[in-house]
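Undergrad: Here's my sequence, what's the structure:
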Amino acid sequence: MLGDLPLPKEARISNENSLVLGEGESWVGRLEIHATTSTSDTIAFFIDQYPQAGWTLLSASKSKNSILVFTNAKKSATVEITDGPALGLASKIIITVSPININPAPQKKK
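TA: Predicted coordinates:
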């Protein structure tokens with residue numbers, strides 16, 4: 001389903017809090033994922049694995065709500081990582097994927 005988005009081992013998608021439109025590498029939407037890895041290890045996973053899957057890291061900010069922004073030729077992915085909601089779920093990950101508008105509409109002159 002996720003095509004080109006690697007996820008940490010033992011990560012679980014929360015279906016009730018996710019919205020996926022499309023399939024394979026063409027999907028867009030929002031995923032809520034719970035992982036057993038710490039927030040630091042989860043951030044390191046994304047920074048290491050996403051470039052290997054063809055994504056370019058545009059920006060990263062590490063804080064209580066860490067945000068990573070990646071792009072590839074067709075899409076952008078914003079990854080938000082926070083502490084997990086319960087014991088055994090060390091990280092909560094929200095991934096929002098949207099298409100990149102390759103041919104933007106011309107802007108009207110004022």
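
Undergrad: How about the secondary structure of the residue positioned nearest the centre of the chain?
TA: Central residue of the chain (C-alpha atoms, centre = their mean): Ile95, 3.1 Å from the mean position. Following DSSP: H, G, I helix; E, B strand; the rest coil, we place Ile95 in the strand state.

Undergrad: all helices of this structure, in order?
TA: Shown for the chain, the helices assigned by DSSP state H span residues 39-52.

Undergrad: tell me the angle of the helix or strand of it with the lowest mean pLDDT relative to helix 39-52?
TA: In the chain, no helix or strand scores lower on mean pLDDT, DSSP states H and E than strand 75-86, which sits at a mean of 88. Here the directions of strand 75-86 and helix 39-52 differ by 160 degrees (axes from the mean of the first three to the mean of the last three C-alpha atoms, to 10 degrees).

Undergrad: Buried residues in strand 75-86, which are they?
TA: Lys75, Ser76, Ala77, Thr78, Val79, Ile81, Gly84 (16 or more other C-beta atoms under 10 Å). Where you see a C-beta, it was placed from the backbone N, CA and C, and this is true even at glycine.

Undergrad: Contacts for it, please.
TA: Residues from elsewhere that reach strand 75-86 (C-beta atoms under 8 Å, 6 or more residues apart in numbering): 5, 28, 34-35, 39, 42-43, 46, 50, 55, 58, 64-71, 90-100.

Undergrad: circling back: from the buried residues of strand 75-86, which is closest to Glu10?
TA: Gly84 (12.2 Å; C-beta to C-beta).

Undergrad: The closest residue to Ser59 other than its chain neighbours bridge partners, please.
TA: Leaving aside its sequence neighbours, Ser59 sits nearest to Val69 (C-beta to C-beta, 6 or more residues apart in numbering; 4.7 Å). Beta-bridge pairing for Val69 (DSSP bridges): Ser59, Thr78.

Undergrad: Right, I'll leave it there.
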